[in-house]
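> Below is the sequence, then the predicted model.
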Amino acid sequence: MSDERKTLEQRAQMTDIERFRHSAAHVLATAILKIWPEAQFAAGPPVENGFYYDLELDHRISPEDFEKIEAEMKKEVKANHPFERVAVSRDEALAMANRGVLGALGERSSPSKFKLDIIQNIPEGEEISLYRNGEFTDLCAGPHVMRTGNIGAFKLTHVASAYYKGDEKNPQLQRIYGTAFKNKTQLDEYFAMLEEAKKRDHRKLGKELELFTFDDDVGPGLPLWLPRGAAIIDELEKLARETEFAAGYQRVRSTNLARESLYIKSGHLPYYKESMFPPMEVHETGDRKPETGEAEDLSEIRNPKSAIKYYLKAMNCPHHHKMYAALPRSYRDLPLRLAEYGTCHRYEQSGELFGLMRVRSLQMNDAHLYMTPDQFESEFNAVNEMYLKYFKLFGIDRYVMRFSTHDPARLGEKFVDEPELWKQTEDMTRGVLQRAGINYVEVPNEAAFYGPKIDVQVWSAIGREFTIATNQVDFAQPRRFNLVYKDRDNTEKTPLCIHRAPLGTHERFIGFLIEHYAGNFPLWLSPEQVRILPIGDEAPLLNYSRAILDELRSHQVRAVLDASTDHIKAKISNAEQMKVHTMLVIGARDMEANAVSVRVHGKGNLGAKPREEVIADLLSSIKDRRA
RNA sequence: GCCGACGUAGCUCAGCUGGUAGAGCAACGGUUUCGUAAACCGUAGGUCACGAGUUCGAAUCUCGUCGUCGGCUCCA
């Protein structure tokens, strides 16, 4: 295993399916060694839907090799070797690793170096065991299935790379992923499910539904929102505005860049610099000067300090803190809730970019709440309630609340060095969560640098986990910014701050919603809410259709008229493919009755209805944001 | 950032071991006036991501750059 070694207790609890997936990893290693005996193996655990094994090998394993490897695996399964457990002493294990027999088919000239390292990291006193299947022996705590023949249906899926023990300072290994199920039927179902998931992929739907695009000249991770995508953004912002207004928030606007000094004060530069775009240098005179440019005259060389660095903002908080500081604050002003759908830029590593889910330019549903300590609980609860209200509206029910705390070992490096405040705020937050009866998992070492946080984790269509929303406690920045309020007793005190973004960022949230709805947005969110489809293109019919179009638009409904010469079947097909929510099919019969025929995406033809009734229904559904 | 794979018309893709690019849909021009998922005919559209190199000849081979994807690391 990697540095996150499972305890023996956890291993004993491995499910049957995990056991045989883990056993399949041993069989994979056996097969690879038959072909490449020099391969050095590291860790090969079961994972969701399958297993992997990390190995070091000069030959680059490619998908073309899979057939060959699978054939060897099948031989091993067919041989039905028992998995034999052997307990050994630490010295024996080390000696075996030195003879190269661990993760191997027999003795080798070079030691089993990763196994050696793993043995050295096994805590003193813990039993060390080996597992054998056929000629293959591996260092392994188990457990396994009884025999290789018990392994059901499997298939190798992809090769990737992984750092040994997940540390980028360690060597990179090849990771071979496979998937394994009890039988062929379940395996086939799994692949069918993957095919379905691909259809939901927001990158695919985003292109097909013309929601957003990326362009090489604009830059990687910088999405361009097309009109249909921007329509969704507008609806989300409207939702946030209404919700926050009702909850006593005030909207503010801040700039997209600021001087270096702001981010030094906030602590972002020391803790967050890697994730920020490099600075722009601006001279006091106002002349821009690239860092590497040649000096134009001596005065510049003599005054190198005249350049001032500006950074694109990666977070809205420092700006909001400055707004707090702009006026004298009394305890009577608190809680103060400043909200902004702020645009931020983060220099994410190129390999981390992923469609809309991980971008470099993002608009965050941000707000900062400043409060006295005794207001914390009710503010924090109100924020959580806002989350839950949103999730209910969108029908999001598969999520996990993750309470992220600090790691005392990394104070001053990853986390601000305030051990007492960490303890206080973490206890306070944990207490609020427990009293509110919220289900959560606690994860150490994942906090923000300025305080503990609660993230809401969701999964993309292809199974990647993302933080969709966040609620963070900040005890560090208010002090750094000298934010104070005058309390009842006429003394100045430092407020607590909550950073929260229940709708996350437009990019990630919409990316998620595209997959969540599979592109079939509810009427209120639908990029094109109504398309009017006249049967034929005769003038009276078009006039009637236009009148309905104008009426809908006058009520801010996103409606479109298809006045093309396509046949009605083609018009319907086009609208269905674009997942237009409501189609109003209008023929001569409808016009004469002052009616429209309603067709709803996914529901088919609902028949003719009076024009007024249909329009009234559409308006109320949009207003109530009905699913 | 690292390892690997990939990059052909707006989209989806074909183009074998090098001989100089093709289909369907979309677009455009006509014809069609059609009641619930694709009417017919025609036209146009590509420096084969970009830049070097090998070769008589490169979409095809090599190298580099950019981008995308699968992972790792990281995160809203």
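Alright, I've got the coordinates. Numbering: from 1, shown residues only, chains lettered A, B, ... in the order given.
> On the three-state scheme, the residue of the stretch 401-550 of chain A found nearest RNA strand B is what?
When distances are taken as Cβ to the nearest atom of the strand, the stretch 401-550 of chain A approaches RNA strand B most closely through A:Thr467, which lies 2.4 Å from it. For glycine as for every other residue, the C-beta is placed from the backbone atoms N, C-alpha and C. Reducing the assignment at A:Thr467 to three states with DSSP: H, G, I helix; E, B strand; the rest coil gives strand.
> what pairs with it across the strands?
Residues in a beta bridge with A:Thr467, per DSSP bridges, are A:Gln457.
> if I pick it, what's in contact with it?
Contact analysis of A:Thr467 by Cβ atoms under 8 Å, 6 or more residues apart in numbering lists A:402, A:455-457, A:504.
> right, and the pair among the residues you listed with maximum separation?
Within the contacts of A:Thr467, A:Arg402 and A:Gly504 form the most distant pair, 13.7 Å apart (Cβ to Cβ).
> A:Thr565: how many residues sit nearby?
With neighbours defined by other Cβ atoms under 10 Å, the count for A:Thr565 comes to 8.
> distance of the closest residue to it other than its chain neighbours from A:Asp562?
For A:Thr565, the nearest residue in space outside its immediate sequence neighbours is A:Asp537; the separation is 5.9 Å by Cβ to Cβ, 6 or more residues apart in numbering. When distances are taken as Cβ to Cβ, to the nearest Å, A:Asp537 and A:Asp562 turn out to be 10 Å apart.
> ok, the two, which is more surrounded?
Counted by other Cβ under 10 Å, A:Asp537 and A:Asp562 do not tie: A:Asp562 has more neighbours, with 19 against 13.
> Quick check, pLDDT for that one.
According to the model's per-residue confidence, A:Asp562 sits at a pLDDT of 94.
> Surely it and A:Met578 touch.
No - taking Cβ atoms under 8 Å as the contact criterion, A:Asp562 and A:Met578 are not neighbours in contact, 10.6 Å apart.
> Low-confidence stretches in chain A?
Low-confidence regions of chain A, defined by pLDDT under 70, span residues A:1-13, A:284-306, A:461-462.
> can you list the domain ranges for it.
What the record gives for chain A is the domain set A:8-186, A:224-290+A:306-516, A:530-623, from automatic domain parsing.
> What is the burial count for A:Val186?
I think there's a mix-up here, since residue A:186 is Gln and not Val. Residues lying near A:Gln186 (other Cβ under 10 Å) number 13.
> Could you pull up the contacting residues of it?
Residues counted as contacts of A:Gln186 (Cβ under 8 Å, 6+ apart) are A:152-153.
> Helix or strand for it, just tell me which one.
Counting by DSSP states H and E, the element that carries A:Gln186 is helix A:184-200.
> what's the answer for A:Lys265, then?
Under the criterion DSSP H and E, the helix or strand holding A:Lys265 is helix A:260-266.
> A:His158 too?
Element membership of A:His158 [criterion: DSSP H and E] is strand A:153-163.
> Residues of the stretch 501-627 of chain A that sit close to RNA strand B?
By the rule Cβ under 7 Å from any atom of the strand, the part of the stretch 501-627 of chain A lying against RNA strand B is A:501, A:504-505, A:507-508, A:535-538, A:565-570, A:572-574, A:576-577, A:583, A:585-590, A:597, A:599, A:601-602, A:604-605, A:607-608.
> one more time with 6 Å, if that's ok
Counting by Cβ under 6 Å from any atom of the strand, the stretch 501-627 of chain A comes close to RNA strand B at A:504-505, A:507-508, A:535-538, A:565-570, A:572-573, A:576-577, A:585, A:587-590, A:597, A:599, A:604-605, A:608.
> neighbour-wise, which of A:Arg402 and A:Gly504 wins?
Higher neighbour count among A:Arg402 and A:Gly504: A:Gly504, with 25 against 18, using other Cβ under 10 Å.
> circling back: overlap in contacts, A:Asp562 and A:Met578.
Counting by Cβ under 8 Å, 6+ apart, no residue touches both A:Asp562 and A:Met578.
> Indicate the residue of the stretch 301-450 of chain A located nearest to RNA strand B.
For the stretch 301-450 of chain A, the nearest residue to RNA strand B under the criterion Cβ to the nearest atom of the strand is A:Gly351, separated by 2.1 Å.
> any idea how far that residue is from A:Lys199?
Distance, A:Gly351 to A:Lys199, by Cβ to Cβ: 25 Å.
> and if you look at A:Asn121?
Taking Cβ to Cβ, one finds A:Asn121 at 44 Å from A:Lys199.
> who has more neighbours, the two?
Counted by other Cβ under 10 Å, A:Asn121 and A:Lys199 do not tie: A:Lys199 has more neighbours, with 13 against 10.
> What parts of the stretch 1-150 of chain A come near RNA strand B?
Residues of the stretch 1-150 of chain A found near RNA strand B, taking Cβ under 6 Å from any atom of the strand as the criterion, are A:60, A:62.
> which residue sits closest to the closest residue to RNA strand B within the stretch 1-150 of chain A in space, ignoring its chain neighbours?
Scanning the stretch 1-150 of chain A for the residue nearest RNA strand B gives A:Arg60, at 4.9 Å (criterion: Cβ to the nearest atom of the strand). If the residues on either side of it in the chain are set aside, A:Arg60 comes closest to A:Gln174, at 7.3 Å by Cβ to Cβ, 6+ apart.
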